[in-house]
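1. Sequence plus the predicted model coming up.
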Amino acid sequence: MVNISYYKKLLDTKALSCTELTKAFLDSAEKENPSLNAYISITKEEALKTAAEVDEKIARGESLQPLEGIPVIIKDNICTKGIRTTCASKMLENYVPFYDATVWEHIKAQNSVLIGKGNMDEFAMGSTSETSYFGIVKNPHNPEYVAGGSSGGVAAAVAGKLAAYGIGTDTGGSIRQPASFCGIYGLKPTYGSVSRYGIVAYASSFDQAGVLASCAEDTALVFDVISKYDERDMRSVGFKKSTYESLSGSVKGLKIGIATEDLMASDEFVNSAVENTINVFKSMGAEVEEIKIPFIKECLPVYYILACAEASSNLGRFDGIRYGYHVEDYEDLNDMISRTRSEGFGDEVKRRIIFGTYVLSSGYFDAYYKKAQRLRESIIKEIDKIFKSCDIVLAPTVPVAPLKAGANISPVDLYRTDICTCAANIVGLPSISVPAGFTDDNMPVGIQLIGGRFKEDVILNAAYAFEKETGGEYIKLSEMGCGV
Amino acid sequence: MVSVDKIKRIANLAKIHISEEEANQLAEQMSSIIAFADEINNSSLPVSEEELINEYDRTEYREDEVRPSSDINDILLNSGGTQGNFFMVKDTAKAGRRYG
């Protein structure tokens, strides 16, 4: 398997120098990016500088750290000191941070080689990476399809072998959904596992950085590097043990809950992927039980009300005064700020800010924001009960197969595609999307394994076991006799 | 249906300038989004009397002490204009003038 261990072996055995490996990835990125649009910036100079340092270390006979010399893509809402960080917005088109996000500090300390910054939905608001100011990200399996969002550029780069792994962010499904559409692994860790410091905030009580990688082993390896306590994030907890070392591949006796009635997808291939995955887990000795999540539909409006309310507050900082885009012609201060925000933000961002302002405004606050907060509390309690009787909940990642680019779907219909992912963000649970098959159009379909708080080791081990059992060879779902 | 006037008031609160055409379009879109948000009223769940007061909801405060901060030159890097250690903000008293 071509994964981080494979690249590490090439470096350790000196079969390839880090500069040669880096140049190979840079060449692929430069060649493919005009069609995939996975990268907003390719950081060639930075990459070759790091690669040379790694080569010097190898020449001195020093052993390498787990991610040393490995090519990485970082989502463009994660601050990288001295490297443009745009959030895929005209508002931050030329913004160069003067500090590093903690998650990037951890990757940088490993001497992982930054190939570039990943394209995304503007300010992480979207499910298709079509709202980017820098253009749509295409799916490497078929450019007629979207890569998913909002971490679409990172997912497309990892799936298209333009980076060995990537770091994304997930507020309502933004790591898992593109991972599913691109046929890779996407881990949204427990809220508090990975520091949010230096990540441009969208909805602070939901935002979480995580990993996109080509296998479960890589995902665990990267998660172990980035999941450390950080005093600069008031909600940071960190993660104390090594998930990589706990990958046993055994799921015997693991209790898996499935909500057939409440979490059925609208797409037959997605349902088939879930059914097939259940059969694989059963064959490995896991115990599968039916659970009920009748309130799952309420999760969507609760999530959108709260996330947009937080966004309207978080994005209030973009006023064109200290940094970022600003208009030249205006009448007074208010007009300058309003026109700057009108021209600097794209349509979806403006829609979410206006909706967030609406639910926070006098007369609507109690009916929407306050009620959604209280329902969030009830949802947390109900989901906690589920994890008293099972270790993992297995569900579709997205209720539909990958979408075609330019499908002109209404905002609300797009929001509804987050139905399977947003509950984990509401409650703060870890969840991983695992590749589980292909449609007849050869587009990937993922399934999702959700665990209890700080049970990343459990879901990563289950993902690893499933991958081992299926040999990482993903089946054509129509050939599995699972209902398609 | 959310009225165009209400959309204009909310956009003004959000400090986003919208044209007449955008206001009309947003009124239509916002009506569907608000109808979607109203689905919380169909909830089968008991509405908690508490707002996010669960055992996992905790905030860690660090000691309030003076620590080294970022370099002023770095902080001013993205500013459109500077004078010494200060941001130059736009002149909003005289329309159209950029700095100073």
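-> Yes, it's here.
2. Next up, the contacts around A:Asn334.
-> Contacts for A:Asn334 (CB atoms under 8 Å, 6 or more residues apart in numbering or on different chains) come out as B:Lys15. C-beta here means a position set from N, CA and C on the backbone, and glycine is covered the same way.
3. And A:Asp262, what's its pLDDT?
-> In this model, A:Asp262 is scored at 79, pLDDT.
4. Next, count neighbours for it.
-> By the criterion of other CB atoms under 10 Å in any protein chain shown, A:Asp262 has 15 neighbours.
5. Could you tell me how far it is located from chain B?
-> Per CB to the nearest CB, to the nearest Å, A:Asp262 is found 11 Å from chain B.
6. Ignoring the adjacent residues along the chain, who's closest to that residue?
-> A:Ile293 (4.5 Å; CB to CB, 6 or more residues apart in numbering or on different chains).
7. Could you verify that the one you found is part of a helix?
-> No - read with DSSP: H, G, I helix; E, B strand; the rest coil, A:Ile293 is coil and lies in no helix.
8. From the centre of chain B outward, give me the first residue you hit.
-> B:Ala14 (6.7 Å; CA atoms, centre = their mean).
9. what's the spacing between the longest helix anywhere in chain B and its chain's center?
-> In chain B, with assignment by DSSP state H, the single longest helix is helix B:20-37. Distance, stretch centre to chain centre, for helix B:20-37: 19 Å (CA atoms, centre = their mean, to the nearest Å).
10. is that helix up against chain A anywhere?
-> Yes - against chain A, helix B:20-37 shows contacts by CB under 8 Å from any CB of the partner chain at B:Leu26, B:Gln29, B:Met30, B:Ser32, B:Ile33, B:Ile34, B:Ala35, B:Phe36, B:Ala37.
11. Grab the nearest non-local neighbour of the fourth one.
-> Put plainly, it is B:Ser32. Nearest one to B:Ser32, counting by CB to CB, 6+ apart, is A:Val412 at 5.0 Å.
12. I'd say that neighbour and B:Ile34 touch.
-> No - using CB atoms under 8 Å as the test, A:Val412 is too far from B:Ile34 to be in contact (9.9 Å).
13. The two: who's more crowded?
-> Taking other CB under 10 Å, A:Val412 and B:Ile34 do not tie; B:Ile34 has more neighbours (19 against 16).
14. show me where pLDDT drops low in chain B?
-> B:48-60, B:93-100 (pLDDT under 70).
15. the residue most distant from the middle of it, which is it?
-> Largest centre distance within chain B, by CA atoms, centre = their mean: B:Ser44, 31.6 Å.
16. Please identify the helix or strand for that residue.
-> If you go by DSSP states H and E, B:Ser44 is not part of any helix or strand.
17. So it sits against A:Ile296, correct?
-> No - taking contacts as CB under 8 Å, B:Ser44 lies outside contact range of A:Ile296: 10.5 Å.
18. Can I get stretch A:34-51 in CSV? Just the C-alpha atoms.
-> Only the C-alpha atoms of stretch A:34-51 are listed here, as CSV (Å, rounded to 0.1, in the frame of the first residue of the first chain):
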residue,chain,number,x,y,z
PRO,A,34,-5.0,23.4,-13.2
SER,A,35,-7.7,20.8,-13.6
LEU,A,36,-8.5,19.7,-10.0
ASN,A,37,-8.0,23.1,-8.4
ALA,A,38,-7.2,21.4,-5.1
TYR,A,39,-4.5,23.9,-4.1
ILE,A,40,-5.0,27.7,-3.6
SER,A,41,-1.2,28.1,-3.1
ILE,A,42,1.6,25.7,-3.9
THR,A,43,4.5,26.3,-1.5
LYS,A,44,7.4,25.1,-3.6
GLU,A,45,10.1,27.1,-1.9
GLU,A,46,9.0,26.2,1.6
ALA,A,47,8.7,22.5,0.5
LEU,A,48,12.1,22.3,-1.0
LYS,A,49,13.7,24.1,2.0
THR,A,50,12.2,21.6,4.4
ALA,A,51,13.1,18.6,2.2
